[in-house]
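Engineer: Have a look at this fold, sequence not included:
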């Protein structure tokens, strides 16, 4: 069972084509049964078969199929393209937002560069910060060790002058904010700021988790002036007796200044790298988008029917391979189109379409069908041909054949063969049509009118000397011939009768049998002729001359029937 999702999120069952057409009230159940039975011997879609049999118009059937299946289809000979389901509000925005490839590539490269440079810059700056901090700690430890070693004797002797002289040089050391010697009583004995002597040391105590290597304790803090300070402290011990402690404060503000300088450098390098990356990505994107644009233009040209288009291969890569494949495709399509156009002139468009749709189909074997057969012939053509040069004869024949062919095909029939100056046309096979008798008679009247007009216009009276005979009945249609030469044709008594009826038709007449008159009696105006005995028939055959046919089959339906849709 096939399902598809509607926009409200609910599932809806996908009906088979036949059920869909019945539900849409385009055909009845009985017409569906007839179309399915006829489809068994044909390689056509059911919807196309419904239209060919005259049950519904092509426009109504296609409209119902588009609405129910949500597909894009212009005709039965076009591929059926499924529409994409609604992917949501966000995807719809990007669906309508067109961004060129080179722009996408530039944005992608820019984002990758930004992310990469940001990550590398952050790691580099953090390592720089750690290295500078470690350098400050080493410098502070060296100063602290010097002061602690030389403060033992002055502290033991209470020599404040010696302690002051020891501490004083620290004031001029780069990065040192202060140095202080404190006694066991917590009173400052010496300080680089003389005003702090004999007072309590104005620094915060070590916080929990402060670094302690067993000899030195150090930690960071921010003083009341907002400066970032590294404080290192060490006890002064002499003969296992603690005499006091020494504190050294190192400024860490230079680390922030250095990091800012490094950050500016990283930003400048990043900007340069991004500009270079964008420029290169734009060039690279252009090298991608140009051949793709050429392929798009070439595809559009092929869609318009121009199969001469070629794509110039600009690179020896996958895009170049794609251009080469496109050129191969267009050349093959052009070759097949030429074959189809040439072959179609011999077998007729309906038979050609059936062969191309399914060349392996068994419809090539003989099948019994009810159809109408038309024979046309020029009266007095032998005498006409004897008195005129061959070039003149061929010219007249081609004019006659052209008018006859167009009239037959316009009314849904096909030209089976040309036999000298005779034309054999068939209605009802291979393109099924329920009203094939009416189509054949209308085609004959149309042909006679066109021939009479052409004879008057060109002065060639022979074009007005055509007689037409039509018969309707059961016949066998299929492929006849050998492996070297095959021909799709019809055979049977109905065909022979049509050929012999043609002998009874005078110039400009359309003669039909009783079996052809029966289905068109409501619309045909006929005159019964004297019953004649046809060759090969024991009984007399009732023959009718067609005087006219009432309007019945619309012009649009005639063209639809001719196209086999």
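Structural biologist: Received it, and whenever you're ready, just let me know what you need. In this text the structure is predicted, and so the values were computed from the model without any measurement. Numbering: from 1, shown residues only.

Engineer: Name the SS class of residue 412, please.
Structural biologist: Secondary structure, DSSP: H, G, I helix; E, B strand; the rest coil: residue 412 is coil.

Engineer: That one and residue 438 touch, don't they?
Structural biologist: No. With contact defined as Cβ atoms under 8 Å, residue 412 does not reach residue 438; the gap is 9.8 Å. Quick note: C-beta positions are derived from backbone N, CA and C, even for glycine.

Engineer: So between these two, which is more surrounded?
Structural biologist: Ranked by neighbour count (other Cβ atoms under 10 Å), residue 412 and residue 438 place residue 412 first, with 30 against 23.

Engineer: Need the per-residue pLDDT for the more buried one.
Structural biologist: Listed pLDDT for residue 412 reads 88.

Engineer: Which neighbouring elements make contact with the strand ranked longest in the chain?
Structural biologist: Secondary structure of the chain per DSSP state E: the longest strand is strand 466-481. Counting contacts by 3 or more Cβ pairs under 8 Å, 6 or more residues apart in numbering; DSSP states H and E, strand 466-481 packs against strand 367-378, helix 436-458, strand 486-491, helix 493-504, strand 510-513, helix 514-517.

Engineer: Show me how the chain divides into domains.
Structural biologist: Under the assignment automatic domain parsing, the domains of the chain span 3-94, 116-258, 360-563.

Engineer: which stretch in these is the model least sure about?
Structural biologist: The lowest average pLDDT among those, as it happens, falls on domain 3-94, at a mean of 69.

Engineer: Between the two ends of stretch 216-228, what distance do you get?
Structural biologist: Start-to-end span of stretch 216-228 (Cα to Cα, to the nearest Å) is 19 Å.

Engineer: Mind listing residues that contact that stretch?
Structural biologist: Stretch 216-228 has contacts (Cβ atoms under 8 Å, 6 or more residues apart in numbering) with 137, 140-141, 144-145, 177, 203-204, 206-207, 210-211, 229-234, 251-253, 255-256.

Engineer: what about the helices in the stretch 201-350 of the chain?
Structural biologist: Counting by DSSP state H, counting those that start in this stretch, the stretch 201-350 of the chain has helices at residues 253-303, 318-347, 349-357.

Engineer: Using a markdown table, please lay out those together with mean neighbour count.
Structural biologist: A markdown table is the format used below for the helices of the stretch 201-350 of the chain (neighbours: other Cβ atoms under 10 Å):
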| stretch | mean neighbour count |
| --- | --- |
| helix 253-303 | 14 |
| helix 318-347 | 14 |
| helix 349-357 | 19 |
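
Engineer: Those: lowest mean pLDDT?
Structural biologist: helix 349-357 (a mean of 63).

Engineer: circling back: is it possible to get a markdown table of the helices of the stretch 201-350 of the chain that adds distance to residue 188?
Structural biologist: Formatted as a markdown table, the helices of the stretch 201-350 of the chain follow (distance: least, Cβ to Cβ, whole Å):
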| stretch | distance to residue 188 |
| --- | --- |
| helix 253-303 | 24 |
| helix 318-347 | 79 |
| helix 349-357 | 106 |
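
Engineer: who wins for proximity to residue 189 among those?
Structural biologist: For these, the distance to residue 189 is smallest for helix 253-303, at 28.1 Å, taking Cβ to Cβ.

Engineer: so what secondary structure elements neighbour that closest one?
Structural biologist: Right, helix 253-303 is packed against helix 101-150, strand 228-238, helix 318-347 by 3+ Cβ pairs under 8 Å, 6+ apart.

Engineer: now the shortest one and helix 101-150, what's the angle there?
Structural biologist: Right, the one you point to is strand 228-238. 30 degrees (axes from the mean of the first three to the mean of the last three Cα atoms, to 10 degrees).

Engineer: so strand 228-238 versus helix 253-303, what angle?
Structural biologist: Using the same axes, to 10 degrees: strand 228-238 against helix 253-303 is 140 degrees.

Engineer: what's the spacing between strand 228-238 and its chain's center?
Structural biologist: In terms of Cα atoms, centre = their mean, to the nearest Å, the centre of strand 228-238 is found 74 Å from the chain centre.

Engineer: Same question for it: list its buried residues.
Structural biologist: 229, 230, 231, 232, 233, 234, 236 (16 or more other Cβ atoms under 10 Å).

Engineer: so what strands line up beside it?
Structural biologist: Strand 228-238 sits in its sheet next to strand 217-222 (antiparallel), strand 241-251 (antiparallel), going by DSSP bridges.

Engineer: Give me the buried positions along the last one.
Structural biologist: Of the residues in strand 241-251, those with enough neighbours to count as buried (16+ other Cβ under 10 Å) are 243, 244, 245, 246, 247, 248, 249, 250, 251.

Engineer: picking up where we left off before, figure out which of the helices and strands packed on strand 466-481 is closest to residue 101.
Structural biologist: Of all the helices and strands packed on strand 466-481, strand 486-491 sits nearest to residue 101, with 50.2 Å by Cβ to Cβ.

Engineer: other SSEs contacting that closest one?
Structural biologist: Using 3+ Cβ pairs under 8 Å, 6+ apart: strand 486-491 touches strand 414-419, strand 466-481.

Engineer: Please identify the buried residues of it?
Structural biologist: Result for strand 486-491 [16+ other Cβ under 10 Å]: buried residues 488, 489, 490.

Engineer: I'd like the residues you listed as JSON lines, with distance to residue 131 appended.
Structural biologist: What follows is these, written out as JSON lines (distance: Cβ to Cβ, whole Å):
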{"residue": "488", "distance to residue 131": "91"}
{"residue": "489", "distance to residue 131": "97"}
{"residue": "490", "distance to residue 131": "98"}
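
Engineer: that older thread, single out the most deeply packed of the helices and strands packed on strand 466-481.
Structural biologist: Highest mean neighbour count of the helices and strands packed on strand 466-481: strand 510-513, a mean of 26 (counted as mean count of other Cβ atoms under 10 Å).

Engineer: For that one, which outside residues touch it?
Structural biologist: Counting by Cβ under 8 Å, 6+ apart, 441, 444-445, 448, 467-472, 497-498, 501-502, 504-505, 526, 529, 541-546 sit against strand 510-513.

Engineer: Tell me the strands beside it, with direction?
Structural biologist: As defined by DSSP bridges, the strand partners of strand 510-513 come to strand 466-481 (parallel), strand 543-549 (antiparallel).

Engineer: Against residue 30, how distant is the residue lying farthest from the centre of the chain?
Structural biologist: Distance from the C-alpha centroid of the chain, by Cα atoms, centre = their mean, peaks at residue 157 (95.4 Å). Look at residue 157 and residue 30: by Cβ to Cβ, to the nearest Å, they are 130 Å apart.

Engineer: swap in residue 409?
Structural biologist: 30 Å.

Engineer: just residue 484 next, same as before
Structural biologist: If you measure residue 484 against residue 30 using Cβ to Cβ, the figure is 45 Å.

Engineer: Including mean neighbour count and distance to residue 264, could the strands paired with strand 510-513 go into a markdown table?
Structural biologist: Below are the strands paired with strand 510-513 laid out as a markdown table (neighbours: other Cβ atoms under 10 Å; distance: least, Cβ to Cβ, whole Å):
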| stretch | mean neighbour count | distance to residue 264 |
| --- | --- | --- |
| strand 466-481 | 22 | 86 |
| strand 543-549 | 17 | 95 |
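
Engineer: Redo these as JSON lines? Include distance to residue 425.
Structural biologist: Formatted as JSON lines, the strands paired with strand 510-513 follow (distance: least, Cβ to Cβ, whole Å):
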{"stretch": "strand 466-481", "distance to residue 425": "9"}
{"stretch": "strand 543-549", "distance to residue 425": "15"}
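
Engineer: Tell me which of the helices and strands packed on strand 486-491 approaches residue 373 most closely.
Structural biologist: It is, among those and with distance given as Cβ to Cβ, strand 466-481, at 5.7 Å.

Engineer: so how far is the closest one from its chain's centroid?
Structural biologist: 46 Å.

Engineer: Just the angle for the longest strand of the chain relative to helix 493-504, thanks.
Structural biologist: Using the same axes, to 10 degrees: strand 466-481 against helix 493-504 is 150 degrees.

Engineer: Take the helices and strands packed on strand 486-491 and lay them out in TSV including distance to residue 19.
Structural biologist: Converted to TSV, the helices and strands packed on strand 486-491 look like this (distance: least, Cβ to Cβ, whole Å):
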stretch	distance to residue 19
strand 414-419	32
strand 466-481	30
